[in-house]
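Trainee: sequence unavailable; structure follows:
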């Protein structure tokens, strides 16, 4: 991995902002991911993220922290937060911005326990494929303190397969429709494609039940997105 995402965050943090990240998926055209958006404050966050941060409590794990915006807000509210990300550049930026406890680490390598685990900005993406969901949920379950919670968001992207007549062209013999290949490019360089999972709430809820977790729908966004709260069954 070239860590183009981390390089872009470092450029913005260090005053070298000249262009944005470009993203695309296996079912969508290229789109712009503005770097300033990744450094947003609470008032500029989507309603789902704001609600998740309001619900956060106790010792908090911020998974895939990026530039650290969620962690910084929670620290300012007096919470003890640990932030992790697999991007070296992102963890360096989060550290520079004042995140106190930050590690370059994958979720499956985390061993501490927490009262709240945050997986935001399509938190289910980290699961990669539907076949991996149970493994990740089981690991997350083991990281929860008694009475703890996982706050996670995603979207039901079935709408992206809708045709002009209102029908859907999802191939029922193919893999789950929310499994995508995700592409990033920055300053003319392309990152190796990665698997990225969008998970509808009912599928998430069923997956939680199979590993002894309970999922509650907290809020739905304006475009098929949602925030869920997962607790021990």
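Mentor: Structure received. Because the structure is predicted, anything quoted here is derived from the model rather than measured.
Trainee: pull out the buried residues from the lengthiest strand in the chain.
Mentor: Looking across the chain with DSSP state E, the single longest strand is strand 144-155. For strand 144-155, the buried set under the neighbour-count rule, 16 or more other Cβ atoms under 10 Å, comprises 144, 148-155. To be clear about C-beta, it is placed using only N, CA and C from the backbone, and glycine gets the same treatment.
Trainee: partner strands of that strand, parallel or antiparallel?
Mentor: Here strand 144-155 is paired, per DSSP bridges, with strand 114-119 (parallel), strand 225-232 (antiparallel).
Trainee: after that strand, which helix or strand is next? Please name it.
Mentor: Next helix or strand after strand 144-155 toward the C-terminus (DSSP states H and E): strand 179-186.
Trainee: any regions of this structure where pLDDT drops low?
Mentor: For the chain, residues meeting the criterion pLDDT under 70 lie at 164-174.
Trainee: relative to residue 184, which of the strands paired with strand 144-155 is closest?
Mentor: Of all the strands paired with strand 144-155, strand 114-119 sits nearest to residue 184, with 19.2 Å by Cβ to Cβ.
Trainee: run the chain-centre distance for that closest one.
Mentor: The gap between the average C-alpha position of strand 114-119 and the chain average comes to 12 Å, counting by Cα atoms, centre = their mean, to the nearest Å.
Trainee: just say which of the strands paired with strand 144-155 is most tucked in.
Mentor: Between the strands paired with strand 144-155, the one whose residues have the most neighbours on average, counting mean count of other Cβ atoms under 10 Å, is strand 114-119 (a mean of 24).
Trainee: can you name the residues that contact the residue nearest to the spatial centre of the chain?
Mentor: The residue lying closest to the centre of the chain (Cα atoms, centre = their mean) is residue 123, at 2.9 Å. With contacts taken as Cβ atoms under 8 Å, 6 or more residues apart in numbering, residue 123 has the following neighbours: 63-64, 152-154.
Trainee: try it again at 10 Å.
Mentor: Contacts were defined as Cβ atoms under 10 Å, 6 or more residues apart in numbering; by that measure residue 123 touches 52, 63-64, 117, 150-154, 197, 199, 227-228.
Trainee: closest to residue 109 out of those residues?
Mentor: Out of those, the one with the shortest distance to residue 109 is residue 63. That distance is 11.4 Å, counting by Cβ to Cβ.
Trainee: just give the closest residue to that closest one, not the sequence neighbours.
Mentor: Computed as Cβ to Cβ, 6 or more residues apart in numbering, the closest residue to residue 63 that is not its neighbour in sequence is residue 119, at 4.9 Å.
Trainee: quick check: bridge partners of the one you found?
Mentor: Taking DSSP bridges as the rule, residue 119 bridges to residue 63, residue 152.
Trainee: hmm, residue 135 is touching residue 142, no?
Mentor: No: look at residue 135 against residue 142 with Cβ atoms under 10 Å: they stay out of range, at 11.3 Å.
Trainee: other SSEs contacting the one helix or strand residue 51 maps to?
Mentor: Residue 51 belongs to helix 47-55 when elements are defined using DSSP H and E. Identification of packing neighbours for helix 47-55 by 3 or more Cβ pairs under 10 Å, 6 or more residues apart in numbering; DSSP states H and E yields helix 69-76, strand 114-119, strand 144-155, strand 213-220, strand 225-232.
Trainee: any idea which of these gets closest to residue 97?
Mentor: Distances from residue 97 to each of the helices and strands packed on helix 47-55 were compared using Cβ to Cβ; the shortest belongs to helix 69-76, at 6.1 Å.
Trainee: show me what that closest one is in contact with.
Mentor: 37-42, 44-45, 49-50, 52-53, 56-57, 60-65, 68, 79-84, 94, 97-102, 116, 118, 120-121.
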